[in-house]
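In: take a look and give me a structure for this.
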Amino acid sequence: MEKHSVTERIESLASEIAKKMSVEFVHAEVVGSKRNPTVRVFIDRPEGVTIDDCTLISHQVSAWLDVEDAITTQY
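Out: You can find the predicted model right below:
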């Protein structure tokens, strides 16, 4: 079984969360240094997304990252 990169795993998870929330998953990326990474998840919807949409996805992705210990440093 091929090991997926952290970004690929985040993209897969964020895509599923977005689908459940009826928003479009656009892109995910992990930027910055290994010691201080930043996770960015981009979503969209024809009528636009709200801060609540962004907050919900952010919290769900963050919780998953913490449980899976996918990023071992603070992000």
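
In: which helix is the longest one in this structure?
Out: Ranked by residue count and defined by DSSP state H, the top helix of the chain is helix 51-68.

In: list the buried residues of it.
Out: By neighbour count on 16 or more other C-beta atoms under 10 Å, the buried set for helix 51-68 is 53, 56-58, 60-61, 65. Heads up, the C-betas are built off the backbone N, CA and C, glycines and all.

In: what pLDDT, on average, does it get?
Out: Summarised as a single mean, pLDDT over helix 51-68 is 90.

In: other SSEs contacting it?
Out: For helix 51-68, the elements it packs on are helix 6-20, strand 37-44, judged by 3 or more C-beta pairs under 8 Å, 6 or more residues apart in numbering; DSSP states H and E.

In: just put these in TSV and tack on mean neighbour count, distance to residue 30 and mean pLDDT.
Out: Below are the helices and strands packed on helix 51-68 laid out as TSV (neighbours: other C-beta atoms under 10 Å; distance: least, C-beta to C-beta, whole Å; pLDDT from 0 to 100):
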stretch	mean neighbour count	distance to residue 30	mean pLDDT
helix 6-20	17	5	91
strand 37-44	16	5	94
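
In: could you save these as CSV and add columns showing distance to residue 72?
Out: Below are the helices and strands packed on helix 51-68 laid out as CSV (distance: least, C-beta to C-beta, whole Å):
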stretch, distance to residue 72
helix 6-20, 10
strand 37-44, 10
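
In: tell me which of the ones you listed lies nearest to residue 26.
Out: Among the helices and strands packed on helix 51-68, strand 37-44 comes nearest to residue 26, with 4.1 Å by C-beta to C-beta.

In: in its sheet, what does the closest one sit against?
Out: When pairing is defined by DSSP bridges, strand 37-44 lines up against strand 24-32 (antiparallel).

In: go through the strand it pairs with and flag the buried ones.
Out: By 16+ other C-beta under 10 Å, the buried positions in strand 24-32 come out as 25, 28, 30.
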